[in-house]
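A.B. asks: how does the following fold in three dimensions:
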Amino acid sequence: MFGFGMLLGPIALALIAYVIYYAVTGSSRQCRIERVRDRKALEILKQRYARGEISRTEYLKIREELET
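C.D. replies: Residues are numbered from 1 along each chain as shown. Below you'll find the model as predicted:
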């Protein structure tokens, strides 16, 4: 019984450390993905406005929605 308890402690500690690591890096990774996606959307919006596909009013409205 003493040997099993000594094995369970480090495993539990490693599991807790992994959960904390995943919580921290997983959320920051998701934020980076969202920022890249938002930048791409803004670039597409700028291109459409430059080509004259959308009006200035539409451009400003969509840009505001993307930035919030």
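
A.B. asks: quick check: Tyr49 vs Arg56, distance?
C.D. replies: From Tyr49 across to Arg56, the span is 7 Å (C-beta to C-beta, to the nearest Å). Heads up, the C-betas are built off the backbone N, CA and C, glycines and all.

A.B. asks: pLDDT weak spots in the protein?
C.D. replies: For the chain, the stretches with pLDDT under 70 are 1-5, 26-30.

A.B. asks: can you pull out the helices in it?
C.D. replies: All helices of the chain, identified by DSSP state H, fall at 2-50, 56-67.

A.B. asks: so can I have a markdown table of those showing mean neighbour count?
C.D. replies: Putting those into a markdown table (neighbours: other C-beta atoms under 10 Å) gives the following:
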| stretch | mean neighbour count |
| --- | --- |
| helix 2-50 | 10 |
| helix 56-67 | 12 |
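
A.B. asks: any figure for the gap between Arg37 and Glu64?
C.D. replies: The gap separating Arg37 from Glu64 is 17 Å, by C-beta to C-beta.

A.B. asks: cool, and Pro10?
C.D. replies: Separation of Pro10 from Glu64 (C-beta to C-beta): 52 Å.

A.B. asks: over to Arg56?
C.D. replies: With C-beta to C-beta as the criterion, Arg56 and Glu64 are 12 Å apart.

A.B. asks: could you do Leu8 as well?
C.D. replies: 54 Å.

A.B. asks: again, but for Val19
C.D. replies: Distance of Val19 to Glu64, given as C-beta to C-beta: 38 Å.

A.B. asks: how about Lys46?
C.D. replies: Applying C-beta to C-beta, the value for Lys46 to Glu64 is 14 Å.

A.B. asks: show me the contacts for Leu8.
C.D. replies: For Leu8, the contact set (C-beta atoms under 8 Å, 6 or more residues apart in numbering) is empty.

A.B. asks: I'd guessed Asp38 sits against Leu66; true?
C.D. replies: Yes. Applying C-beta atoms under 8 Å as the test, Asp38 and Leu66 come out as touching, 6.0 Å apart.

A.B. asks: understood, closing this out.
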